[in-house]
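Participant: quick one: sequence plus predicted model below, questions after.
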Amino acid sequence: MFEARLEMFRNRLVKVYRHVGRQARRQGIECYRLYDHDLPEFPIRIELYGDRLYLSEYKRYHGMTDELHEQWLDAVYQVISEILNIPVERIYGKLRQRKTGRQGQYQKTGEEQEFFEVHENGLKFWVNLTDYLDTGLFLDHRTTRQRARSESSEKRVLNLFAYTGSFSVYAAAGGAKEVCTIDLSNTYLDWSRRNMILNGFEGDSYSFIQADVKSYLSEIPNARYDLIVLDPPTFSNSKRMEEELDVQRDHVSLIKECLRILTPGGLLYFSNNYTKFEMDASAFSNVEIKDITRATTPFDFEGRLNRPCFRIKNPG
């Protein structure tokens, strides 16, 4: 029934794997996105994490019975396994509901606690493909992480809404003299610590703070940090927050607070995953704001990255 469509999917996957896989191998990258709903008939996302594959299916009305859908999914797994030479048991599947502007992020979905180590640009990270909707490593920030690393030497770095601390690891690897990692979730702060320890970064130079970033910023002294990474969710109304967060509404106040605690000439990397985000540059005076979305788009996201990214320099 769906053999013809499967052949179309097979051809597409062969083509994209040949192109994207070649670039990944040339750059020594083992974690990258291979496919993201390229064909309407196959609304799935495929990402490689070393020798394992993460497949997430977008929730939609497919018109198939449960039995037929299971057959379709099994056939998709077989095609992927054959082309990428990955055993089916190393393909991890997840149903992914498209996020709207008023959904939170990082929802927990399982309890298997199956963590494994992957590598990126000479650094190591713990990834989990079973328990959370997201894996622990945002692949679309790969280039931005490298930028932060290159500018962290002897800097005091603050990582806000840090998730699993990948930017903190990069900053430490770049020679930062101090790295502070802040997130509302103790689960992700612990994950951040583990990532730092995995790379040999331990000691008083590295701190981890569980806090509501929006509220905590006001407690930080002026001109405290030289480099800040600010990557808030589109929306959050966690019970642990004093008030809800809406990135479109709140980005001006968040950025202004970051500018207050930046040293003269300090840098702020600001990004978010709201596809319709619009920067209100008119709210800032004598501040250099550069849209670096395209410049920081990794090769495996070309033409489809929806995460705006800005490099903001505090007046010197």
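Facilitator: Looks like it arrived, so ask away. Bear in mind the structure is a predicted one, so any value in this text is a computation, not a measurement.

Participant: tell me how far R224 lies from L259.
Facilitator: Using C-beta to C-beta, to the nearest Å, R224 is found at 12 Å from L259. (Each C-beta comes from the backbone N, C-alpha and C, glycine too.)

Participant: which intervals of the stretch 101-250 of the chain have sub-threshold pLDDT?
Facilitator: 101-112, 239-241 (pLDDT under 70).

Participant: in it, which spans are strands?
Facilitator: Listed in chain order, the strands of the stretch 101-250 of the chain (DSSP state E, counting those that start in this stretch) span 115-120, 123-128, 156-160, 178-183, 206-210, 225-230, 235-236, 245-246.

Participant: those strands: which one's closest to N273?
Facilitator: Closest of the strands of the stretch 101-250 of the chain to N273 is strand 235-236, at 10.3 Å (criterion: C-beta to C-beta).

Participant: which residues of the stretch 151-300 of the chain fall in helices?
Facilitator: With DSSP state H, counting those that start in this stretch as the criterion, the stretch 151-300 of the chain has helices at 166-173, 186-198, 213-216, 247-261.

Participant: can you redo those as TSV with distance to W72 and mean neighbour count?
Facilitator: Below are the helices of the stretch 151-300 of the chain laid out as TSV (distance: least, C-beta to C-beta, whole Å; neighbours: other C-beta atoms under 10 Å):
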stretch	distance to W72	mean neighbour count
helix 166-173	34	27
helix 186-198	34	19
helix 213-216	42	17
helix 247-261	36	18
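
Participant: now those helices as TSV including distance to M8?
Facilitator: TSV is the format used below for the helices of the stretch 151-300 of the chain (distance: least, C-beta to C-beta, whole Å):
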stretch	distance to M8
helix 166-173	35
helix 186-198	39
helix 213-216	45
helix 247-261	37
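
Participant: which one of the ones you listed lies nearest to N128?
Facilitator: The nearest among the helices of the stretch 151-300 of the chain, by C-beta to C-beta, is helix 186-198 at 8.4 Å.

Participant: any idea of the angle the closest one forms with strand 206-210?
Facilitator: 170 degrees (axes from the mean of the first three to the mean of the last three C-alpha atoms, to 10 degrees).

Participant: might one say that Y54 is in contact with D134?
Facilitator: No: using C-beta atoms under 8 Å, Y54 makes no contact with D134, being 9.8 Å away.

Participant: okay, now the domains of this structure?
Facilitator: 3-96, 135-313 (automatic domain parsing).

Participant: return the most buried member of the ones you listed.
Facilitator: Comparing the domains of the chain by mean neighbour count (mean count of other C-beta atoms under 10 Å), domain 135-313 comes out on top with a mean of 18.

Participant: mind checking the end-to-end distance for that one?
Facilitator: From its first residue to its last, domain 135-313 covers 31 Å (C-alpha to C-alpha, to the nearest Å).

Participant: likewise stretch 255-272?
Facilitator: 12 Å.

Participant: am I right that E47 sits in a helix?
Facilitator: No: going by DSSP: H, G, I helix; E, B strand; the rest coil, the assignment for E47 is strand, not a helix.

Participant: my read: it touches E30, true?
Facilitator: No: the pair E47 / E30 is not scored as a contact, 11.1 Å apart, by C-beta under 8 Å.

Participant: so which of the helices of the stretch 151-300 of the chain gets nearest F270?
Facilitator: Nearest to F270, of the helices of the stretch 151-300 of the chain and by C-beta to C-beta, is helix 247-261 at 6.2 Å.

Participant: okay, angle between that closest one and strand 156-160 too, please.
Facilitator: Using the same axes, to 10 degrees, helix 247-261 lies at 160 degrees relative to strand 156-160.

Participant: which residues are in contact with L217?
Facilitator: 160, 254, 257-258, 261 (C-beta atoms under 8 Å, 6 or more residues apart in numbering).

Participant: would TSV of those residues with distance to P40 be doable?
Facilitator: Below are the contacts of L217 laid out as TSV (distance: C-beta to C-beta, whole Å):
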residue	distance to P40
L160	37
L254	37
E257	43
C258	40
I261	46
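
Participant: just flag the most distant two among the residues you listed.
Facilitator: Across the contacts of L217 (C-beta to C-beta), the longest gap, 11.4 Å, separates L254 and I261.

Participant: same for the helix or strand harbouring V14, what does it pack against?
Facilitator: Using DSSP states H and E, V14 falls within helix 3-27. Helices and strands touching helix 3-27, by 3 or more C-beta pairs under 8 Å, 6 or more residues apart in numbering; DSSP states H and E, are strand 31-36, helix 66-84.

Participant: about what we covered before: okay if I get the strands of the stretch 101-250 of the chain as TSV plus distance to A4?
Facilitator: What follows is these, written out as TSV (distance: least, C-beta to C-beta, whole Å):
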stretch	distance to A4
strand 115-120	36
strand 123-128	35
strand 156-160	48
strand 178-183	47
strand 206-210	53
strand 225-230	47
strand 235-236	41
strand 245-246	45
